[in-house]
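Participant: structure of the sequence below:
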Amino acid sequence: MNIIEKEIKKREDLIAKRAENLEKIEKLKKECEEIKVDELQKDIDELKTYLPKPDQPDEQEQEQAVDGTGQPIY
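Facilitator: Residues are numbered from 1 along each chain as shown. Now for the predicted structure:
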């Protein structure tokens, strides 16, 4: 293969890669359009309501309470 044929092949490969990338871009655009940020934020806010309040220990922390010496309290 001479230099000109190598350059032709290189450019053909670049054209093919560009076409593949454009297909990927279109697919990703469609996926992104399906994501509704407002709905996701609403879901996040709702899920946060199930988290324990900062001043309230969760159930696991309550079960593992210890006395002043570090021994578990039963």
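
Participant: and the gap between residue 43 and residue 53?
Facilitator: 20 Å (CB to CB, to the nearest Å). (Glycine included, C-beta is placed from N, CA and C.)

Participant: neighbour count for the two, which is higher?
Facilitator: For residue 43 versus residue 53, neighbours defined as other CB atoms under 10 Å are more numerous around residue 43 (10 against 7).

Participant: what residues are up against that one?
Facilitator: With contact set as CB atoms under 8 Å, 6 or more residues apart in numbering, residue 43 has no partners.

Participant: can you confirm it is in a strand?
Facilitator: No - Residue 43: not assigned to a strand; according to DSSP: H, G, I helix; E, B strand; the rest coil it is helix.

Participant: now do the same end-to-end measure for stretch 28-48.
Facilitator: Using CA to CA, to the nearest Å, one end of stretch 28-48 lies 29 Å from the other.

Participant: residue 9: neighbour count?
Facilitator: Count around residue 9 with other CB under 10 Å applied: 11.

Participant: so for it, what's the pLDDT?
Facilitator: We note a pLDDT of 96 for residue 9 in this prediction.

Participant: tell me which helix or strand it sits in.
Facilitator: Using DSSP states H and E, residue 9 sits in helix 3-34.

Participant: quick one: that helix to chain centroid distance?
Facilitator: Put simply, helix 3-34 sits 25 Å off its chain's centre (CA atoms, centre = their mean, to the nearest Å).

Participant: what of stretch 2-19?
Facilitator: Remark: stretch 2-19 is offset 36 Å from the chain centroid, using CA atoms, centre = their mean.
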